[in-house]
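A.B. asks: Curious how this folds, go ahead:
(chains A and B)
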Amino acid sequence: MILICGGLSDIVTKIVCARLEQLGHSYFLLDEDRYPADFSISWAHESGQITGRIRSLSSEIDLMHIGAIYVRHNGAVSVEHLRGLNARLKEISSFEFFLSLDALLNAIPSFVINRPRCCLSNSSKPYQQLVIRQHGFEVPRTIITNVPDEAFDFYNMCNRNVIYKSVSGIRSIVKRIGQNDLGRLGLVRNCITQFQEFIEGDNIRVHTVDDEIFATRIATDSVDYRYAKDEGKSLEMEPFELPSDIQEKCLRLTRNLGLIMAGIDLKVSPTGVFYCFEVNPAPGFIFYEWHTGQPISLALANVLIAHDHNQQS
Amino acid sequence: MTFLVIGSPDDYCCEQVSRILKEEGQNVLFIHENSLTNIVCSWKFPSSGYVRYGQQNADIQDILGVLNRLRKWRFGSDEDEQYAMYEWKGAMLALLHSLQAPVINKPRPEFWYRESRSTFDHVLTLFEFGLKPPKSIVTDALSDAHTFLSKHDGRVFLHPLSSFEYIYEIGDRMADRALDKLAGKLPLRLVEYAEGERLEAYAIGGKIIAADSHGKLADLGSKFERTLRSLQSILDIIFFQVHLVEAQGEYYCLGLDDMPVYGWCEQELREIIDHQLVEILGIKV
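C.D. replies: The predicted structure follows:
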C-alpha cells in the first residue's frame, strides 16, 4: 500500500492521488488538512521493528503494509478542534503532532519520497551552495553581510548586476538591486542578507524522480520567473534536453542529499555555463508539468508503485 | 590569528576551552549566543571576509579553530526578529561548515535544525548503528497508551517529542490520571523504564570515555567503544555524548547530544575532555 502524506487542498498532492487512481493502484491518504482531527496514529519501536497503524474515520492501515510513501507537508498542523487549550498549549500540541508524524516518516523502513530529515539542507541556501559546489556546478559570486558598505562594494564589483534573496529557507522573492534600492542598503544592518551576482541566461528547472530527469527551460524578462505573471512579464517554458554530464551531476546531487525527488534550480549562461542555485526537496512540479506536458507526476506515481511492489514481494 | 568560541559564558565547555586557549597565549573571540545579532559579518562566499564582535575582529581566513556550542536560538516574538534570526541561523550553518580550520562540531543540518526534529528521531537513527533504544510507543489513542503501560507494569517515562530536558516518570497511581488528561491533546511518547546503571559516554575526536552516575570514569568495553567510533565516523561529528543505561549486559541508548554536557563530572574526566578538545583545535597543552 502507498501512503500519501499531504493536504488535499494542495494541488500537487491531489494530482499524485489522481495519477495513482489512474494507474489503478490503491493508496491511503493521510490528509494533512484534517490531521490530527480525523486521524489517529499509533506506532511502537521494538528491537528495530516499527509496528502500528494509522486510522482515519473510515479506514485503517497497518504500518507493516506500507511499501512506499510520498510526503508533501502542508505547513503547520492545525489543532483548532481541540477544546480547552490556550494559545501556548495549542502551539505545543501542534508541534508535538508534527514531530510525531515526522519521526515516523524518518524511521519507517518503507521507501519514502522524501524523508523529512533529508529536507533540512534547504533551510540554508549558502549551505546548499557549498554542497552544490562539491558536485562540480558553478555557483554565482555571493556575499552574505550586514555591512552596507560591503554590499555596495559587491554591487559595484559585479558591474551593478546583483540580486538579493533570503539566506534561510524562508521563501523570498528574488529581486534585482536597482538604482532606487541603493538608498535602502543601510537597512542591511538590521538583518544579514544574501547578495548574489545576477547571471544572465535562461532558467532551467530540473526535476529528478529517482533515476529520471525532467528539465524545463524558462525564458522570461522577470528576475524571479515564479512571479512573472503577477508582474505582467513574459514567461515561456519548454522541455529542455540537459547535457549528459549535467544530468549526472543533478542525479548525484539529489542522491547525496538523501533525496529521491528534487527540484533543482539551474541557469545556463549565454556561453553555456551551468550555474546551480538551489535544491528544493518538496518541489511544486505541477506548474512545470502543466506548462510543458512533461509526465513528472506519472513518473512519481510509477516510482511509488514500483517500490510498493518491491516491498511487498 | 584567532579561535572562535560561540555559546553561553555559563557553559562549562566554552569557559574551560577559552581559558586553556588563553593560557596557551592564543587569541579568543568569544561570541555570546544571546547576542548573535550584534555580530558584524561580511562573508564573501566561500572562504573570505571577516567577523567583528564588540571590539574584536577576525578575518575568516585567519580563524584557527571554532568551538561551536550554539544551542539556544532566541527567536523572540516579533515577526521581523524571528526572520532575522532564521537568516542568521542559515548563515552561521554555512559559514561554520565552510571553514577549513577545525570546528567542534562542524554543523550539519540534521543537528543544527534540532527544533525541527524530535528527540525520538535521533534515538531511532542510532538503532541503525547498533545502539538499542528502550521499547517505546507514540500514540494519540488512550487505549494503546494503557496497553503499553500495563505491559510494562506502569514503569514508563512520558517523554515529549520536542524536548530533551523534560522527562516525566509515571508512577502507578499518577499514570491513569496523567494519560487521561493528555490523551487527545498530544501524541504521547511513552518509553519503557530501562532499569540499570546510567552511563554517559563521550566521544572526543579519537577518544571515547564514559562517566557513571557519580561522574567517575567508567569502563564501556572495547566492543561498545568500537560502535561509538563507527557512529562518529558515520555521523561525521567530532564531539558527542550518548546517554546510556546498562542493563543485563546490554546498553540501551536514551539519546545523543552533539553538544555534550560534562561539567558535572569529576575533575579527572573533565580535564581529559577539556584537553582533548583543545588538542583537536590544534593546540598541544
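
A.B. asks: State the number of residues packed around the nearest residue to residue B:193 once chain neighbours are set aside.
C.D. replies: Spatially, and ignoring its direct neighbours in sequence, residue B:193 is nearest to residue B:155 (4.1 Å; Cβ to Cβ, 6 or more residues apart in numbering or on different chains). Where C-beta positions appear, they are placed from N, C-alpha and C, glycine not excepted. By the measure other Cβ atoms under 10 Å in any protein chain shown, the count of residues near residue B:155 is 16.

A.B. asks: One more: residue B:246?
C.D. replies: Neighbour tally, residue B:246, other Cβ under 10 Å: 19.

A.B. asks: Now do the strands in the stretch 51-200 of chain A.
C.D. replies: A:60-62, A:68-72, A:111-113, A:142-145, A:162-165, A:175-176, A:193-197 (DSSP state E, counting those that start in this stretch).

A.B. asks: which residue ranges form the helices in the stretch 151-285 of chain B?
C.D. replies: Here the stretch 151-285 of chain B has its helices, by DSSP state H, counting those that start in this stretch, at B:172-182, B:222-235, B:267-280.

A.B. asks: can you tell me which of these comes nearest to chain A?
C.D. replies: helix B:172-182 (9.6 Å; Cβ to the nearest Cβ).

A.B. asks: Ignoring the adjacent residues along the chain, who's closest to the residue most central in space within chain A?
C.D. replies: Nearest to the geometric centre of chain A sits residue A:282, at 2.6 Å (Cα atoms, centre = their mean). Using Cβ to Cβ, 6+ apart and skipping the chain neighbours, the partner closest in space to residue A:282 is residue A:72 (5.8 Å).

A.B. asks: closest one to residue A:217 among the helices of the stretch 151-285 of chain B?
C.D. replies: helix B:222-235 (39.5 Å; Cβ to Cβ).

A.B. asks: if I've got this straight, residue A:222 is in a strand?
C.D. replies: No. Going by DSSP: H, G, I helix; E, B strand; the rest coil, the assignment for residue A:222 is coil, not a strand.

A.B. asks: Tell me, how many residues neighbour the closest residue to residue A:13 other than its chain neighbours?
C.D. replies: Spatial nearest neighbour of residue A:13, chain neighbours left out: residue A:6 (3.4 Å); criterion: Cβ to Cβ, 6+ apart. Using other Cβ under 10 Å, residue A:6 is surrounded by 23 other residues.

A.B. asks: and the end-to-end length of stretch B:230-247?
C.D. replies: Using Cα to Cα, to the nearest Å, the end-to-end distance of stretch B:230-247 comes to 22 Å.

A.B. asks: Give me the buried stretch members for that stretch, please.
C.D. replies: For stretch B:230-247, a neighbour-count test (16 or more other Cβ atoms under 10 Å in any protein chain shown) marks B:231-232, B:235, B:237-246 as buried.

A.B. asks: And for stretch B:152-163?
C.D. replies: Those would be B:152, B:155, B:156, B:157, B:158, B:159, B:160, B:161, B:162, for stretch B:152-163 by 16+ other Cβ under 10 Å.

A.B. asks: what's the closest of those residues to chain A?
C.D. replies: Lowest distance from chain A to those (Cβ to the nearest Cβ) belongs to residue B:161, with 4.1 Å.

A.B. asks: pretty sure that closest one is in contact with residue B:116, am I right?
C.D. replies: No. Applying Cβ atoms under 8 Å as the test, residue B:161 and residue B:116 come out as separate, 11.6 Å apart.

A.B. asks: Mutual contacts of the two, please.
C.D. replies: Residues touching both residue B:161 and residue B:116 (Cβ atoms under 8 Å, 6 or more residues apart in numbering or on different chains): none.

A.B. asks: The nearest residue to residue A:205 once chain neighbours are set aside bridge partners, please.
C.D. replies: Nearest residue to residue A:205 in three dimensions, chain neighbours excluded: residue A:216, at 4.8 Å (Cβ to Cβ, 6+ apart). According to DSSP bridges, the residues that bridge with residue A:216 are residue A:205, residue A:239.

A.B. asks: Just the pLDDT for residue A:216.
C.D. replies: We have a pLDDT of 97 for residue A:216.

A.B. asks: and it, what is it in contact with?
C.D. replies: A:204, A:205, A:206, A:207, A:237, A:238, A:239, A:240, A:288, A:291, A:292, A:294.

A.B. asks: at 10 Å instead, please
C.D. replies: Going by Cβ atoms under 10 Å, 6 or more residues apart in numbering or on different chains, residue A:216 touches A:202-207, A:237-240, A:263, A:285, A:287-289, A:291-292, A:294, A:296.

A.B. asks: Next, count neighbours for residue 94.
C.D. replies: No chain was given, so I picked chain A. Neighbour tally, residue A:94, other Cβ under 10 Å: 19.

A.B. asks: My question was about chain B, not that one.
C.D. replies: When neighbours are defined as other Cβ under 10 Å, residue B:94 has 25 of them.

A.B. asks: Distance check, it against residue A:284.
C.D. replies: Remark: distance between residue B:94 and residue A:284 (Cβ to Cβ, to the nearest Å) = 25 Å.

A.B. asks: cool, and residue A:104?
C.D. replies: In terms of Cβ to Cβ, residue A:104 sits 24 Å off from residue A:284.

A.B. asks: Please say which of those two ends up with more neighbours.
C.D. replies: Neighbours were counted for residue A:104 and for residue A:284 using other Cβ under 10 Å; residue A:104 has more, 27 against 14.
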